[in-house]
Structure formats: structure tokens, C-alpha cells
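1. okay, sequence plus prediction incoming.
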Amino acid sequence: GAVVSQHPSRVICKSGTSVKIECRSLDFQATTMFWYRQFPKQSLMLMATSNEGSKATYEQGVEKDKFLINHASLTLSTLTVTSAHPEDSSFYICSATGLVVEQFFGPGTRLTVL
Amino acid sequence: KQEVTQIPAALSVPEGENLVLNCSFTDSAIYNLQWFRQDPGKGLTSLLLIQSSQREQTSGRLNASLDKSSGRSTLYIAASQPGDSATYLCAVRRKEYGNKLVFGAGTILRVKS
């Protein structure tokens, strides 16, 4: 089956710093990648959709300048949380689709901002 | 706006029981519906995907049904095992919305040995 990886799996940073999370499709070309965040005991909320080579489309209420998304190749998308604050602490999950409609999910990244 | 609701929010059962998890959605114009499993601190594992034209899908001890007109889906787990303990999420997809998934809040299942 299609495999999606995320790096890092866990990151702790100080308030005000920026953190980059990588999402890679390991065995297929991902034309579209999705970024979600999940608060404890809550569901996944879509943050943005990114297509390779074009700007990401953000969901309502998600700050574009705070959550920078780059999808520069068919196997890699990055999410950068800029000037992170404690309220940005969350579980971030990416997913990817290629030729098939089904989304394949990464293992997630736990971000803790002190 | 599509909303997805899952009932119950949490469920605790003894090992061996058959159980049903419920998912309802407000907009019946879906492309497909998918059930996922999520273990604590982990990503999502796809369990079953039902296309809008289908009524059910089966995989091992899992059976998912879909009644699109009434906006409901159920996930049936037969002969539950402690290893089934996890959060179960359902999500619906509308093709017009760029393949986006809308998730329910999940049902936390605990199977006691």
C-alpha cells in the first residue's frame, strides 16, 4: 500500500521560534497533499490543501502567514509553523493522494511549544 | 456545510462482544465514506471505504454499511478483541470539494479482557 512518512515525529520548541514539519510520499507521486491538526480528544481539522507546484489553499480561519506550506515536488510537502506559541501545540497530520482518490495518512507530528 | 457526528463518543465492552459504531452526516451528496482507526498518538489507518453507490463493505471482522439517503453509516465489529481498542473515525468525501475529507469526532473504543 501507499506509504506516507512525516518528520519529525515529535518536536518541542520555545515560544517564538519556527518549526518545519516534512511530509513525504515514499512509493507514489502525490499530486495533492493535505495538512490537518488534531487537538486532544478531538477530530482532525483540515488546515490546507496543497497541489504540487502551486500555492496552498487554506481553510477558513487558518492563518496563511503563520502556517506556511510548500509543495515543491511530487513527493514532499512541508508545513512551517512560524513564531510558534503554546496555543499552536497540537498533533499535525498530513495525507497525500496521487492517481487514486483515497488519501493516505502520515503517522503525525506532535508539536509542543513551551 | 457538511457535519459528521459519531455516536457514542466512547464505548467500553468486554472481550468477545459484537458492537456497532454509528456515523451520521448532514449532506447526503457524498462521493464516498471512509472508516479509520487511530491508536493513541498515531496516524490514521484506513479500515473500509464505501463508495456512494455501495451499501456495505466487509473486511475480516469488520462490516461497514452506508445509507446515503438517510445520511448514516455503521461500523460493525464482530467478536471484539482487546487489540481493537482505539479511536474509530468516520469521514465523508465530496468530489466537488477537491477531494476533501470531513471527519467526525470519533468513538473511543475500549475492549476489556
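-> Great, that's in hand. Numbering: from 1, shown residues only, chains lettered A, B, ... in the order given.

2. so where is the chain shaky, pLDDT-wise?
-> All of this is about chain A. Confidence mapping of chain A against pLDDT under 70 gives the ranges A:1.

3. that answer is for a different chain, and I need it for chain B
-> Within chain B, the stretches with pLDDT under 70 are B:95-98.

4. around chain A, pick out the residues from it.
-> Taking CB under 8 Å from any CB of the partner chain as the contact definition, chain B meets chain A at B:31-32, B:34, B:36, B:41-46, B:49, B:89, B:91, B:93, B:95, B:98-106, B:108. The C-beta positions use only the backbone N, C-alpha and C, and glycine is treated the same way.

5. mind running it again at 7 Å?
-> Applying CB under 7 Å from any CB of the partner chain, we find that chain B lies next to chain A at B:41-44, B:49, B:89, B:98-101, B:103-106.

6. list the contacts of B:Leu109.
-> Contacts for B:Leu109 (CB atoms under 7 Å, 6 or more residues apart in numbering or on different chains) come out as B:Leu11, B:Asp84, B:Ser85, B:Ala86, B:Tyr88.

7. bridge partners for it, pull those for me.
-> Counting by DSSP bridges, B:Leu109 forms beta bridges with B:Leu11, B:Ala86.

8. how near is it to chain A?
-> Using CB to the nearest CB, to the nearest Å, B:Leu109 is found at 14 Å from chain A.

9. now swap in B:Ser53 and tell me
-> Distance of B:Ser53 to chain A, given as CB to the nearest CB: 14 Å.

10. list phi and psi for that residue.
-> phi -90, psi -10 (degrees, to the nearest 10).

11. neighbours of it, how many?
-> The tally of other residues near B:Ser53 (other CB atoms under 10 Å in any protein chain shown) stands at 9.

12. residues contacting it?
-> With contact set as CB under 7 Å, 6+ apart, B:Ser53 has no partners.

13. which residue ranges of chain B form helices?
-> With DSSP state H, there are no helices along chain B.

14. what residues does chain A put near chain B?
-> Neighbours of chain B within chain A, by CB under 7 Å from any CB: A:32, A:42-44, A:46, A:49, A:93, A:97, A:101-103, A:105-108, A:110.

15. quick check: closest non-adjacent residue to residue 101.
-> No chain was given, so I picked chain A. B:Asn99 (5.9 Å; CB to CB, 6 or more residues apart in numbering or on different chains).

16. wait, I meant chain B there
-> The spatially closest residue to B:Leu101, leaving aside those adjacent along the chain, is B:Ala91, at 4.2 Å (CB to CB, 6+ apart).
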